[in-house]
Each structure stands twice: as structure tokens, then as C-alpha cells.
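Asks: task: produce atomic coordinates for the following.
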Amino acid sequence: MPGRQKGASFAVRFTRITPESPDVLRDAILEDLEALCAGMRCVATRVPVAGRGVIDLLASDERGRLAVVSFCLDADPGAVAATVDQWDWIVANMGLLRALVPVVGLDLSLSPRAILVCHSIAENAARFAACVPAPGIEIFEATMVAAGERRGLLVDRIASHPAAVAAA
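Replies: Numbering: from 1, shown residues only. Take a look at the predicted model:
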């Protein structure tokens, strides 16, 4: 390359961005759902559930398994409980979903996944999630970054079994 010396390197400075709301985090994940799981695709967003709030995202993985995805900035035990509550509603209403969500490739005979995506997670929330036997909550910590005008997302899966959480 002209003007570049052999062996020269360049540095890119990344800056962490704190999302203003869970919706900003959700929108960033929606741009690259495969950051959560290979083959992940959106089924529906912002699904109102009577008495249980709004399910942020319904997605399906490469096997067609439904995933209930919740977003929050700072995950605490209450966020974990809300994710389980929404998962429970989905499980209890699978018959209704079969009639209302005719998505090609969606296998509603499989138990849905429960996923919590957060900007940060409290240690007690990770321990609590590890103790929930079903649905087996998958937790992802998402960090939004910027380099100049470019934006990106770093996604790390958090340990979800009690021994790994206790050791951390």
C-alpha cells in the first residue's frame, strides 16, 4: 500500500457506549441476531401480554425453536424473574401461538428458550438465574462500542450453571 511502511501498524480506538434504554439494546441486537445464536431470526417484537408486560422479542433459532428474549440495562433478580414469567406465559399459551403465529420453520413442539440480554448483570442475578431449573435461562451481556462513526456490539454469554457462577 502506498505511504505505508513495512511492519507499520495502526490502532483503532473503541469507545463503550451505554445504551439509553433497553429498546436501544434490543434494536442493536436486532441488527445482528446471530450474535446470540447461529441462525437466529425475528418472529415478533414488542408482544403485549396481559398482566405480564411486553415480551421484547420472540425469535427462533436454526432448529426452529422459539426463544423468548428480554432486554434490560442492569439485570437484577427481578429481571430474571420477569423473563421466567414471560417464558411461563408462552409455554401455557402454545396452542394460541400455533394459531396466531404461522411462521414457516417454527417448531412449537419444542420447549421455548428463555434469553435475557443486558448491558450488565448483578452477581446475585446470575446466581439466581443459575438456580432456576426450567427454563434454563441463557444470559448474554451486550456491550455497544463505537470507533469513529462506526458502531458495533460485543456479546458475551454469561455462565448459567451454579458451579460456574459460584467459581466466578
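
Asks: how about the strands of this protein, start to end?
Replies: Using DSSP state E, the strands of the chain run over 15-17, 41-49, 53-60, 66-75, 113-121, 138-147, 150-158.

Asks: switch the ones you listed over to CSV; also include mean neighbour count and mean pLDDT.
Replies: (Glycine included, C-beta is placed from N, CA and C.) CSV is the format used below for the strands of the chain (neighbours: other C-beta atoms under 10 Å; pLDDT from 0 to 100):
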stretch, mean neighbour count, mean pLDDT
strand 15-17, 12, 89
strand 41-49, 14, 90
strand 53-60, 21, 93
strand 66-75, 23, 96
strand 113-121, 22, 96
strand 138-147, 17, 93
strand 150-158, 13, 90
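
Asks: and the ones you listed: which comes nearest residue 32?
Replies: Between residue 32 and the strands of the chain, the shortest gap by C-beta to C-beta is with strand 150-158, which sits at 6.3 Å.

Asks: need the strands of the chain in a markdown table (columns: distance to residue 98).
Replies: Output for the strands of the chain, formatted as a markdown table (distance: least, C-beta to C-beta, whole Å):
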| stretch | distance to residue 98 |
| --- | --- |
| strand 15-17 | 39 |
| strand 41-49 | 13 |
| strand 53-60 | 13 |
| strand 66-75 | 11 |
| strand 113-121 | 17 |
| strand 138-147 | 24 |
| strand 150-158 | 30 |
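
Asks: buried ones in the lengthiest helix in the chain?
Replies: In the chain, with assignment by DSSP state H, the single longest helix is helix 77-92. For helix 77-92, burial by neighbour count (16 or more other C-beta atoms under 10 Å) applies to 79, 80, 82, 83, 84, 85, 86, 87, 88, 89, 90, 91.

Asks: check stretch 119-139 too.
Replies: Within stretch 119-139, the residues that count as buried by 16+ other C-beta under 10 Å are 119, 121, 125, 126, 128, 129, 130, 132, 135, 137, 138, 139.

Asks: kindly indicate which of those lies nearest residue 96.
Replies: The closest of these, once distances to residue 96 are taken by C-beta to C-beta, is residue 135, at 18.4 Å.

Asks: next up, phi/psi of that closest one, please.
Replies: Backbone torsions for residue 135, taken as degrees, to the nearest 10, come to phi -90, psi 0.

Asks: the residue nearest the centre of the chain and residue 35: what is the separation?
Replies: Most central in the chain under C-alpha atoms, centre = their mean is residue 117, positioned 3.5 Å from the mean C-alpha point. Going from residue 117 to residue 35 by C-beta to C-beta, to the nearest Å gives 9 Å.

Asks: so which pair among the buried residues of stretch 119-139 is furthest apart in space?
Replies: Farthest pair in the buried residues of stretch 119-139 (C-beta to C-beta) is 119 and 135. Separation: 22.2 Å.
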